[in-house]
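Chemist: structure for this input, please:
(2 chains)
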Amino acid sequence: MSEKTVSLFIQCLVDTMFPETGEAMITVFDRLGVAYDYPPGQTCCGQPAFNSGYSRDAAAAAKHFIDIFEDTEIIVCPSGSCVRMVRHHYPELFADDQAMHSRALAIGAKTFEFTQYLVDELGINDVGAHFPDTVTYHDSCHLSRSLGIADQPRTLLNNVRGLELIEMRDSDTCCGFGGTFSVNYPEISVAMVDEKIDNILATKASTVTGCDISCLMNILGRIKRRGEDVQVLHIAQILAADKGEKR
Amino acid sequence: MSAKPQSQYCRDAQKGMGSPRLQASLHSLQNRFGKGAMTLWAEMDDQDMRRRVKQSRMKNLDHLDILLAELAKKVRARGGHVHFAENAQDAIDYTLEVARKNEVKRVVKGKSMLSMEIAIDSALQEAGMEVVETDLGEYIIQLADDKPSHIIAPCIHMDRSRIGELFTEKLGINYTDDPPSLTAAARKALREKLLSADMGLTGCNLACAATGHISLVSNEGNIRMATTMPPVHVALMGMERIVATLDEHRETVQLLTRGAALQKLSTYVSFVGGPSTSDDPDGPKEFHLVIIDNGRSKILADPEFREVLACIRCGACLNICPVYGRIGGHAYNSPYCGPIGAVITPLLDGINKHADLCKGETLCGACKDICPVQIDLPRMLAGLRQKLAYGSDRWNTKQHNPLEAYAFTLWRQVVSWSPLYRTGLKIARLCQRPFVGKNSMIKRMAGLASGWTDGRDLPPIAKKTFTEIWQKKHATAEVKLPMATKEDNNA
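Modeler: Down below sits the predicted model:
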């Protein structure tokens, strides 16, 4: 096992609306004997501003993040799009500031998405979870297309005792969230998530999971409004389950 | 849904989403061509080809002036005419002059997006000429007095029964929705036009500087006829559409036809090098190549957006984009729709004017993955949004939404200082109480946030945030945490 202490980078949506996802991550680390800490003062990585074009404002958030996480060994986050923001876009934001650019690159190099860290860095394929349920997996865009993380979560899920993974059609098609896109163009966004939900329902799986809470929030919000009977869980919650309990 | 005032983009998007005919067509289009292209790229033997062609496209943009001069020299040496048009009007004026000199009455067209960009058809018609599209899809669009909704498949929004009705009305045939019969009817009508046309007007898929020829791909043979039968051929070429050598040409065409229609090569690739001569009697008496800038120099000069000029207009990005796949092409209100349209249209025609195109995508990245030349359209969409966010003198762009800009200025203060952020969360948690419904979700919010709750529930801020849970759990153990020292360092 790695000697390194993991610094938890808890995405703002996880912190404020889905704290159980963060707790589940801790449960998994505890079971695996991974040391972790939670650097205080975390807010938001800046992605909403960046994607809306407000790069200077995003840079302020990036500076705050870098200040907080600079002295850490490894940074692990339960969100692909936030990791992408740190790894790919922080250096871009400071293209004209050599010192900050170097700091951004250094931070990016040690920032990992949760399942990627487990599988690629720690070499763990089985976290000892037990979750007797049918599950389908949504590939979040930034996670799969930009970070290339698609096999890692599936490997982990396939090694969960009792879990049957049923692939949905077009699992890598966007769910329609897109940050402010979802409130600026709600009709298009809802049409997109409806197709995603139809594909989820077609699997007859009782749970849909993924590695990015923002997509899952979009899917959950529409599932609740439509009154569909499908459970939405972040992958950390499935990997944390070890007593065979259905959540 | 909400009674917010809606932009033309939103209204047209909803119209597209409300058409079962369009939805079915888009679905099968994306299923076949979008997925097909991704499979093709994955299984291609030469996995380096896309990178190589992209590199050559970018290199050629760096040396565009030299290549265009070489192309013009070669075309002129073979007796062709070359005109560099700075803008749409310039290109139209030149073409009209050619038409006048040759007493042109009927113009047959090969499919050309650029001809739509510069709106040359109406200018020719106003000058008294008949203009006939000869690509089947474009011909249908022209008969219906409609607009194309896909770069390669312009009438994707129409089904065969609608086309049957249209042909009954316009061509006087008995109603049928049998595609071969409809194609035969169009072919008969078009052949008459092609045989009697005075001028062929086409686009230009690629021009090759080393040989001084242009090439045009088609699957219907109409381009071959339109470029060789009429006595005059005018080709409209976007100035970026050039390759240096035949080797580059070969690879670029292969990617173009694969991206467009999963074809290793289109049925026809026409190489046009100039007018006919005594020892090469095929072809028109006059050949004119109109090389058009119309805003491209400005894009070329900006390193942030130069990459978009590497586009080879295959339309593959439309075949995978989940937004295009829902709303269709008309909402883009431009000859160029889909992801490529969302980037090139604002750059050519005004960023403020086309703000919805800049903002109306999820930045999912599928267009970048499918692009044969791997153009990073999401990066440039984010770049366009930056111009809208802060305004840009270079792009003559005003700040799009000062209120939103102010909100992000506030946001910046809040996320840069965590005590303020935490206090804000607590206040929001108190304020949300009356809105939390039976299923523990927020059902309705006001203002911009209603965009979310009009169609979706929203989870409320948790009773205890992760930070609060952590603080409580580790309050006593704080000294053991390495963070205690880190906090001091940061202070």
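Chemist: can you give me the strands for chain A?
Modeler: A:6-8, A:36-37, A:74-77, A:111-113, A:134-137, A:164-165, A:207-210, A:231-234 (DSSP state E).
Chemist: got these as JSON lines, with mean pLDDT, mean neighbour count and distance to B:Ser418 columns?
Modeler: From N, CA and C alone the C-beta is placed, and that goes for glycine too. Shown next, in JSON lines, are the strands of chain A (pLDDT from 0 to 100; neighbours: other CB atoms under 10 Å in any protein chain shown; distance: least, CB to CB, whole Å):
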{"stretch": "strand A:6-8", "mean pLDDT": "97", "mean neighbour count": "23", "distance to B:Ser418": "15"}
{"stretch": "strand A:36-37", "mean pLDDT": "96", "mean neighbour count": "18", "distance to B:Ser418": "16"}
{"stretch": "strand A:74-77", "mean pLDDT": "98", "mean neighbour count": "23", "distance to B:Ser418": "17"}
{"stretch": "strand A:111-113", "mean pLDDT": "98", "mean neighbour count": "25", "distance to B:Ser418": "19"}
{"stretch": "strand A:134-137", "mean pLDDT": "98", "mean neighbour count": "21", "distance to B:Ser418": "34"}
{"stretch": "strand A:164-165", "mean pLDDT": "98", "mean neighbour count": "16", "distance to B:Ser418": "38"}
{"stretch": "strand A:207-210", "mean pLDDT": "98", "mean neighbour count": "24", "distance to B:Ser418": "28"}
{"stretch": "strand A:231-234", "mean pLDDT": "98", "mean neighbour count": "22", "distance to B:Ser418": "24"}
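Chemist: now B:Val323. Nearest residue, chain neighbours left out?
Modeler: Nearest non-adjacent residue to B:Val323, counting by CB to CB, 6 or more residues apart in numbering or on different chains: B:Glu361, 5.4 Å away.
Chemist: the one you found and B:Leu381 touch, don't they?
Modeler: Yes: B:Glu361 is within contact range of B:Leu381, at 5.8 Å (criterion: CB atoms under 8 Å).
Chemist: now list whatever residues contact both of the two.
Modeler: Both B:Glu361 and B:Leu381 are in contact with B:Pro339, B:Ala342, where contact means CB atoms under 8 Å, 6 or more residues apart in numbering or on different chains.
Chemist: higher neighbour count, the two?
Modeler: A count of neighbours by other CB atoms under 10 Å in any protein chain shown puts B:Glu361 above the other of B:Glu361 and B:Leu381, at 27 against 24.
Chemist: just send the strands of chain A back as JSON lines, with distance to chain B too.
Modeler: Shown next, in JSON lines, are these (distance: least, CB to the nearest CB, whole Å):
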{"stretch": "strand A:6-8", "distance to chain B": "8"}
{"stretch": "strand A:36-37", "distance to chain B": "5"}
{"stretch": "strand A:74-77", "distance to chain B": "12"}
{"stretch": "strand A:111-113", "distance to chain B": "16"}
{"stretch": "strand A:134-137", "distance to chain B": "17"}
{"stretch": "strand A:164-165", "distance to chain B": "21"}
{"stretch": "strand A:207-210", "distance to chain B": "14"}
{"stretch": "strand A:231-234", "distance to chain B": "10"}
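Chemist: now distance to B:Leu289 too, for those strands, in JSON lines please.
Modeler: Formatted as JSON lines, these follow (distance: least, CB to CB, whole Å):
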{"stretch": "strand A:6-8", "distance to B:Leu289": "61"}
{"stretch": "strand A:36-37", "distance to B:Leu289": "66"}
{"stretch": "strand A:74-77", "distance to B:Leu289": "54"}
{"stretch": "strand A:111-113", "distance to B:Leu289": "51"}
{"stretch": "strand A:134-137", "distance to B:Leu289": "53"}
{"stretch": "strand A:164-165", "distance to B:Leu289": "57"}
{"stretch": "strand A:207-210", "distance to B:Leu289": "52"}
{"stretch": "strand A:231-234", "distance to B:Leu289": "58"}
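Chemist: so what secondary structure elements neighbour the top helix by length along chain B?
Modeler: The longest helix of chain B (DSSP state H) is helix B:179-196. If you count contacts as 3 or more CB pairs under 8 Å, 6 or more residues apart in numbering or on different chains; DSSP states H and E, helix B:179-196 packs onto strand B:106-109, helix B:136-143, helix B:160-171, helix B:222-228.
Chemist: break the chain down into its domains, please.
Modeler: Here I'm looking at chain A. Here the domain parsing of chain A from automatic domain parsing is A:6-121, A:134-240.
Chemist: wait, chain B was what I had in mind.
Modeler: Following the assignment in automatic domain parsing, chain B carries domains at B:44-294, B:402-490.
Chemist: tell me the gap between stretch B:366-374 and the middle of its chain.
Modeler: 12 Å (CA atoms, centre = their mean, to the nearest Å).
Chemist: show residues contacting it.
Modeler: By CB under 8 Å, 6+ apart, the surrounding residues in contact with stretch B:366-374 are A:141, A:145, A:173-174, B:34, B:37-38, B:41, B:50-51, B:53-54, B:57, B:255-256, B:258-259, B:310-312, B:314, B:316-317, B:319-322, B:338-340, B:375-379.
Chemist: what about 6 Å?
Modeler: A:145, B:37, B:50, B:53-54, B:57, B:255, B:259, B:310, B:316-317, B:320-321, B:339, B:376-378 (CB atoms under 6 Å, 6 or more residues apart in numbering or on different chains).
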